[in-house]
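*Asks:* how would this look folded up:
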Amino acid sequence: MISINRIVLLQIFLVLFLSSFHKVEGGLFFRKRVYVELFNDLGLNVTVHCKSGDGDLGSHFIESPNGFYQFNFKPNFFGTTDYYCNFQWPNNFHWFDIYVYERDHPECTDCYWKIRADGVCRLNYETKQYDICYPWNSD
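*Replies:* Sure, this is the predicted structure:
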């Protein structure tokens with residue numbers, strides 16, 4: 001009876017382990033670290049506050065021109081990692097889901113974003129332009 005249980009447990013482990021290796025890099029168990037960089041393209045100084053369900057990265061001041069803020073993380077085991085950021089500058093307060101696993105994985109392991117007055121734009125690796133743009137989230 002004990003040897004049967006060990007065999008079943010070994011089979012379950014093997015199925016889970018092998019299923020983690022799929023065509024996309026960063027399978028179930030071996031997720032690659034994600035790097036996020038936010039570039040200030042506003043022409044004004046901006047304060048950014050990013051957090052996820054797992055942690056709060058605090059507030060960071062990004063100067064204009066050419067200021068940036070960067071952080072990195074490993075997506076969680078379940079593939080549900082989300083980071084959102086609040087953006088504040090004179091007379092403006094906005095927020096955006098800066099990393100959503102379902103939207104950004106696997107093509108966004110180096111996520112470069114430009115902060116603009118009408119929203120954020122992500123670097124498109126095919127065109128080498130910041131042409132993947134999203135408006136600010138609304139409440």
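*Asks:* chain neighbours aside, what residue packs nearest to the residue nearest to the spatial centre of the chain?
*Replies:* With distances taken as C-alpha atoms, centre = their mean, residue 99 lies nearest the centre of the chain, 2.9 Å away. Counting by C-beta to C-beta, 6 or more residues apart in numbering, residue 99 lies nearest to residue 83, which is 4.3 Å off, once chain neighbours are set aside. C-beta here means a position set from N, CA and C on the backbone, and glycine is covered the same way.
*Asks:* for this structure, which segments count as helices?
*Replies:* Using DSSP state H, the helices of the chain run over 2-19, 101-104.
*Asks:* rank those by pLDDT, which is bottom?
*Replies:* Confidence, taken as mean pLDDT, is least for helix 2-19 of the helices of the chain (a mean of 61).
*Asks:* contacts for stretch 53-63 next, please.
*Replies:* 38, 40, 45-51, 68-69, 71, 76, 81-82, 115 (C-beta atoms under 8 Å, 6 or more residues apart in numbering).
*Asks:* strands - which of those residues land there?
*Replies:* 38, 40, 46-51, 68-69, 71, 82, 115 (DSSP state E).
*Asks:* tell me where the chain is predicted with low confidence.
*Replies:* 1-4, 8-30, 139 (pLDDT under 70).
*Asks:* pretty sure residue 42 is touching residue 118, no?
*Replies:* No. Using C-beta atoms under 8 Å, residue 42 is not in contact with residue 118; the gap is 10.4 Å.
*Asks:* neighbour count for these two, which is higher?
*Replies:* Set residue 42 next to residue 118 and count neighbours by other C-beta atoms under 10 Å: residue 42 wins out with 18 against 10.
*Asks:* might you report the residue contacts of that one?
*Replies:* 64, 89, 115-117.
*Asks:* one more: residue 41?
*Replies:* Per C-beta under 8 Å, 6+ apart, neighbours of residue 41: 114-116, 121, 130.
*Asks:* with residue 50 instead?
*Replies:* 36, 57, 60, 71, 83-86, 98.
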